[in-house]
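J.: got a structure for you, letters missing:
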């Protein structure tokens, strides 16, 4: 059976802007290793890597004290930016390699401003910063952004709140709980302080609210920042995280339905505000470099782009040290070696090709294949995900002489091949990017 792909050039969607990843929990370690430059190029170089362009810098709460970490994993404690030497150096290497946009994001206010003197909450639903400290918190973040800008780093966004609905009362990482009304007041203070800084107000935007789960309270947090005209002046997007792939009850697992409702809500009430997906990982234990997790990654990107119309998609951590299915590159700290995962390569099937491209509606008559279609300059770009364990033959509506296909599957890693027929065979469990001329 031949699968037919149809394109509707009258159904225009978003122009895709950026791909990125976070430097949290690894940059301060890898930044001092001999392989740091290699890692930066693999992530951010368009020629030698997968061409990411956003670097998310974790502005720390200062939970690392005298080399001691209060968390279950040592690397999750943070320094303040001026003493975060190797993390900042790693960020600079990534900028040198090709990153042209930095988002500074915050998990917890500085420990000296929190209620309990810690970078996490004391108990469920506890608020860990008083409103009287909001201004000092804003000053700390804005001072840090100025410090990085003075180093020539392209800081564009500041995100002061991360996953506000969560409790954050365990010893796993920094975190701070906020109710929507707290976020509203906090952003008002940040906006006022930003607006009062002539050195920053024309360079920096605020980002948020980075809700981790679109099933719970996400609309309330969007309203908290977008209903204030003054705050909205400094916000050009709403950012969410794309976790919650698995659920305890099937009713809460219809991810596509939640993405559609989220998009519909923003189109109705905030039509000029873009949507970005700024954090995701597989959330599965074990070190996994396989195509199994690669297919999950590809389908997650596909759904966020197709159903939420996101203009940016960003991984959680770019690099990990093993034991969990999160980073797209694994690093052995002692041996100073690295391993590229299939998650890395399938990300490249998107990030190397669709930045700056405009998406149009595309459908296929095979439920095993997910399809996206983009136009960029004089190119047509198809991304085809074959979720089947069998090969699938696809007929494209557009194909020119010397068209190219980039294949990632069990045996190929963004492998480039010349194609000259409209009928293409997709290998089992594969992600394929087809580039054709007009």
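T.: Perfect, I can see it now. The structure displayed is predicted, hence computed values, not measured ones.
J.: C-alpha only now, for contacts and for neighbours.
T.: Fine.
J.: residues near residue 201, how many?
T.: Neighbourhood size, residue 201 [other C-alpha atoms under 10 Å]: 14.
J.: contacting residues around it?
T.: Residue 201 makes contact with 194-195, according to C-alpha atoms under 8 Å, 6 or more residues apart in numbering.
J.: tell me the secondary structure for it?
T.: Assigned with DSSP: H, G, I helix; E, B strand; the rest coil, residue 201 falls in the coil class.
J.: tell me the spacing between it and residue 187.
T.: Residue 201 is 15 Å from residue 187, where distance means C-alpha to C-alpha, to the nearest Å.
J.: which residues of the stretch 1-150 of the chain fall in helices?
T.: For the stretch 1-150 of the chain, helices defined by DSSP state H, counting those that start in this stretch occupy the ranges 27-30, 36-44, 85-97, 134-150.
J.: only the buried residues of the longest one, if you could.
T.: The reference is to helix 134-150. Judged by neighbour count (16 or more other C-alpha atoms under 10 Å), helix 134-150 contains these buried residues: 134-142, 144-146, 148-149.
J.: same check, this time on stretch 79-94
T.: 79-81, 84, 86-94.
J.: before we move on, what about stretch 15-29?
T.: Within stretch 15-29, the residues that count as buried by 16+ other C-alpha under 10 Å are 15-28.
J.: stretch 43-55 now?
T.: Buried-residue list, stretch 43-55, by 16+ other C-alpha under 10 Å: 43-46, 49-55.
J.: repeat for stretch 119-132
T.: 119-122, 125-129.
J.: spatially central residue in the chain, please.
T.: Centroid-nearest residue in the chain: residue 314, 1.6 Å away (criterion: C-alpha atoms, centre = their mean).
J.: would you confirm that that one contacts residue 20?
T.: Yes - with contact defined as C-alpha atoms under 8 Å, residue 314 counts as touching residue 20 (4.3 Å).
J.: and after the helix or strand harbouring residue 293, which helix or strand comes next?
T.: Using DSSP states H and E, residue 293 sits in helix 291-307. Downstream of helix 291-307, the first helix or strand assigned by DSSP H and E is strand 312-317.
J.: quick one, that following strand and helix 291-307 angle?
T.: Orientation check (axes from the mean of the first three to the mean of the last three C-alpha atoms, to 10 degrees): strand 312-317 against helix 291-307 gives 150 degrees.
J.: after strand 312-317, which helix or strand is next?
T.: strand 319-320.
J.: and the average pLDDT for that next one is what?
T.: Here strand 319-320 scores 98 as its mean pLDDT.
J.: that strand pairs with which strands?
T.: strand 329-332 (parallel) (DSSP bridges).
J.: list the buried residues in the partner strand.
T.: Buried, per 16+ other C-alpha under 10 Å, within strand 329-332: 329-331.
J.: and residue 365, what are its phi and psi?
T.: phi -100, psi 30 (degrees, to the nearest 10).
J.: when you give positions from now on, start the count at 18
T.: Yes, from this point I'll number from 18; that puts the last item at residue 382.
J.: so it touches residue 22, yeah?
T.: Yes - counting by C-alpha under 8 Å, residue 382 touches residue 22, with 7.3 Å between them.
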